[in-house]
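Predicted model, plus sequence, below.
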Amino acid sequence: MQIKNEIYGDFDISEEVLIELMDSKAIQRLKGIDQAGYSKVFYVDGRNRFDHSIGVFLLLRKYGASLDEQIAGLLHDVSHYAFSHAIDYILQEGNIDKQDLQDRSKNKFLLNSDIPQILEKHGYDVDRVADEENFSMLETSLPDICADRLDYSLKDMIILLKKDVEEIRDIISHLKVDDAKKWYFDDVEVGYVFAKYFKELNDDHYSGLVSASMFKSIKDFIKCALDKGYIEENDLEKEDQYVIDKCLKYIEKDKELKRFWERMNNKDCFYPDENNYEEIIYCKSRVVDPLCLVNNGLKRVSEVYKEWGRVIEKETIVKKHYLAAS
């Protein structure tokens, strides 16, 4: 199998376990899960969880991760519900500050899928591959960078920030991994640029008004359908469009559901108003402080650019949006 990627390059994939996993129902389902939630209205270009999972896998492969870790990267988002992190605002198991519902649900999704059979066939331990704590190149805590964080942000710098592909490829060319499997930049100026671009994404998109409006509009529509029995919780384990189609069967006879649907399809459905708001929506805030090579040692961006330390302290606080309906 050959995969051509715009920013990571071309790859030959010969391992049967990888090919079978990519073709599995569980991974193919991710093509129907929007990366942001409901991009076609709230963002110009949609990205899906399948593309992101492939990107994470390729980035790990490019930088020499073990086959175990490449598999873990391919599977890391398999447990996302429909509409991605928007469902964190509905299901009780979710934590809206951390947006980690998919992590809490991973074992359930995996065990009920065709993944275990494929892994066991090729001699891989399901529990080991499912536990991201075993794979530091794939996943680390903020403010570190990792393959997951790198892939979605690098792509979003092109899609949302309109950065040139060549600039993003240049940033990638300065990415390295040390013997302890830690990501770093070999040029601190490049690391600083990446950190600032990431902050711009966070401010304008990940934790901004647009995302808050999207999360609330999806939450209201889906929760209304759940509360009235139009859909069931296990429907959320399918694709976005499946859930939408099931809800729309009731749209003409339910004025409340129709109103929520119209909101969900209006990017300007809410505006900020701390005095007369309908609901406070909390958004996870992300900011990075990458390790960089400085005088033959590794230092964080904030150790070289002191003002970045103040940014880190300020931006790690969960963002609150007081949303009023337009």
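Ah, there it is.

any idea how far the spatially closest residue to residue 29 that is not a sequence neighbour lies from residue 266?
When the adjacent residues along the chain are set aside, residue 29 lies closest to residue 239, with 6.2 Å between them (C-beta to C-beta, 6 or more residues apart in numbering). C-beta: built from backbone N, CA, C; applies to glycine. Residue 239 is 23 Å from residue 266, where distance means C-beta to C-beta, to the nearest Å.

And for residue 120?
47 Å.

cool, and residue 258?
13 Å.

So residue 287: helix, strand or coil?
coil (DSSP: H, G, I helix; E, B strand; the rest coil).

need the contact list for it.
By C-beta atoms under 8 Å, 6 or more residues apart in numbering, the residues touching residue 287 are 142, 143, 195, 198, 199, 202, 311, 312, 315, 316.

Emit the PyMOL select command for whichever of those residues are buried.
Remark: buried members of those, expressed as a PyMOL selection using 16 or more other C-beta atoms under 10 Å:
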select buried, resi 142+143+195+198+199+202+311+312+315
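
Mind checking which of the contacts of residue 287 land in helices?
195, 198, 199, 311, 312, 315 (DSSP state H).

So what touches the helix or strand encompassing residue 71?
Residue 71 is part of helix 67-75 when elements are defined by DSSP states H and E. Contacts to helix 67-75, defined as C-beta under 8 Å, 6+ apart, come from residues 15, 17-18, 21-22, 27, 53-54, 56-57, 59-61, 65, 110, 115, 119, 124, 128-130, 132, 134-135, 137-138, 147-148.

So which of these belong to helices?
17-18, 21-22, 27, 53-54, 56-57, 59-61, 110, 115, 119, 128-130, 147-148.

Show me which of those are buried.
For the ones in helices among the contacts of helix 67-75, buried by 16+ other C-beta under 10 Å: 17-18, 21-22, 27, 53-54, 56-57, 59-61, 110, 115, 119, 129-130, 147-148.

And residue 219, which helix or strand is it part of?
Going by DSSP H and E, residue 219 is in helix 209-227.

Thanks a lot, see you next time.
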